[in-house]
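Student: the sequence and its predicted three-dimensional model are supplied below.
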Amino acid sequence: MNITVLGAGAVGGYFGSRLADAGANVTFLVREKRKEKLESTGLRIKSVKGDTYFRQPNIATDPSEITECDLVLLSVKGYHLENSYPMIEPLVNRGAKILPLLNGVEHYEILEEKFGKEAVIGGLCFIITTLDQDGNIVHTSNQHNITFGMLDDSHRSTCNQLESVLKNANVEYTYSDEIQEAIWNKYAFITAYSGITTASRLEIGPIRTQKETLELYKDAAAEMKQLASAHGVDLGEKFIDIIEERAFQFPENGTSSMHQDFRKGLPLELDSLQGGALRMAKSKGMQLPIIETIYRLLKPYEQGNMGKVL
Ligand SMILES: NC(=O)C1=CN([C@@H]2O[C@H](COP(=O)(O)OP(=O)(O)OC[C@H]3O[C@@H](n4cnc5c(N)ncnc54)[C@H](OP(=O)(O)O)[C@@H]3O)[C@@H](O)[C@H]2O)C=CC1
Ligand SMILES: CC(C)(CO)C(=O)C(=O)O
């Protein structure tokens, strides 16, 4: 299978490497600075599930350099979605499908509008991974799961092909026949989880042992469940219990990618996560008071530079 990974960052670099190790023809479509780094040091994954290293990964900086592409693994941040269109478009025009792994839900409507329903497969991931100072990818969670599934009948053969690669890859995967629910489930969870960890500046360990703070996390998730329901997705009676359990499954020092970005002084995906929830709530005449409070608290840090001082 020919796979183009858009964004050789923490998520794209990790899963792209695992897919390449499994025999897929993987090309990392990157910008100039990342290209220089990858060319000088190679692509190194340091992982609790086993390290891997490519001295010379396939790299392109322009989609015209990529002749064969069945699937684009879209792993940019929400705030880089728009600038990724020129990279994706030529590949989709040549028949590639897109598998988004970024957090959020609004990007589905946006991508489908731009590239057509046939082009956009449903996807998400569970992993804790980040770039270290040398540009290596550091994976620290036991989880390294890609969940994907058909949003349209035309996705079947690409999903089947992807499954046959993933079967041989050092990752977990879920080929879901309820991918819409899975996407909303992840979105509802991550909007609460990233919000509480980042607004409190705490890892999950101290959050889950402080009753009041754990309750706040669950209440934020309950607001997100209502939002999902208003958008036609029932997350099920056990959703809040599952959300609570999940908080106990992460390592003591586990946190969200948003909180990791905050600590590095990087921009936050506030607009695509909590901001998106508020937009979608407004469109249904709903209020999400906890999510809105988190959003307002984090707004001064959205562009990133203030995170360093705390
Ligand atoms: N990290 C994690 O543990 C998890 C992250 N996620 C989600 O996955 C998504 C990606 O996160 P993450 O991997 O951490 O982010 P990173 O910032 O590590 O990676 C994103 C990459 O996208 C690249 N990029 C942006 N625009 C373009 C472009 N136009 N062309 C080529 N490359 C581009 C960036 O390149 P450049 O270096 O040039 O800026 C960067 O390397 C987010 O939505 C995040 O919420 C989900 C689960 C876990
Ligand atoms: C919580 C986690 C690590 C789970 O994959 C995540 O998705 C994120 O922080 O972006």
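Tutor: Structure's in. What do you need? Ligands and ions are numbered 1, 2, ... in the order given.
Student: not counting its neighbours along the chain, what's nearest residue 32?
Tutor: Distances taken as CB to CB, 6 or more residues apart in numbering place residue 61 nearest to residue 32, at 6.1 Å, with adjacent residues excluded. C-beta: built from backbone N, CA, C; applies to glycine.
Student: what residues does the stretch 101-250 of the chain put near ligand 2?
Tutor: With CB under 6 Å from any ligand atom as the criterion, the stretch 101-250 of the chain meets ligand 2 at residues 103, 126, 127, 128, 190, 193, 194.
Student: okay, the residues you listed in a markdown table with distance to residue 168, secondary structure and pLDDT next?
Tutor: As requested, these are arranged in a markdown table below (distance: CB to CB, whole Å; DSSP: H, G, I helix; E, B strand; the rest coil; pLDDT from 0 to 100):
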| residue | distance to residue 168 | secondary structure | pLDDT |
| --- | --- | --- | --- |
| 103 | 27 | coil | 97 |
| 126 | 20 | strand | 96 |
| 127 | 19 | strand | 95 |
| 128 | 23 | strand | 92 |
| 190 | 28 | helix | 98 |
| 193 | 31 | helix | 98 |
| 194 | 32 | helix | 98 |
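Student: which single one of the residues you listed is nearest to residue 279?
Tutor: residue 103 (15.4 Å; CB to CB).
Student: number of residues surrounding that closest one?
Tutor: Using other CB atoms under 10 Å, residue 103 has 25 other residues around it.
Student: residue 245 too?
Tutor: Residue neighbour count, defined by other CB under 10 Å, stands at 10 for residue 245.
Student: check residue 61 too.
Tutor: 14.
Student: give me the phi and psi for it.
Tutor: Geometry field for residue 61 lists phi and psi as phi -110, psi 0, criterion degrees, to the nearest 10.
Student: about what we covered before: verify the contact between the residue nearest to residue 32 and residue 36 for me.
Tutor: No - if you go by CB atoms under 8 Å, residue 61 and residue 36 don't touch, sitting 10.0 Å apart.
Student: could you list the domains of the chain?
Tutor: If you go by automatic domain parsing, the domain ranges for the chain are 2-177, 181-309.
Student: does any bit of the last one sit next to ligand 1?
Tutor: Yes - residues of domain 181-309 are located near ligand 1 by CB under 6 Å from any ligand atom, namely 257, 269.
Student: ok now that domain, how far from the chain's centre?
Tutor: Taking CA atoms, centre = their mean, to the nearest Å, one finds the center of domain 181-309 at 14 Å from the center of the full chain.
Student: next: stretch 84-102.
Tutor: Using CA atoms, centre = their mean, the mean C-alpha position of stretch 84-102 is found 16 Å from that of the whole chain.
Student: what's the pLDDT at residue 307?
Tutor: Residue 307 carries a pLDDT score of 50 in this model.
Student: so what's the closest residue to residue 124 other than its chain neighbours up against?
Tutor: In this structure, residue 124 finds its nearest non-sequential neighbour in residue 186, 4.5 Å apart by CB to CB, 6+ apart. Under the criterion of CB atoms under 8 Å, 6 or more residues apart in numbering, the contact list for residue 186 reads 103, 124, 126, 147.
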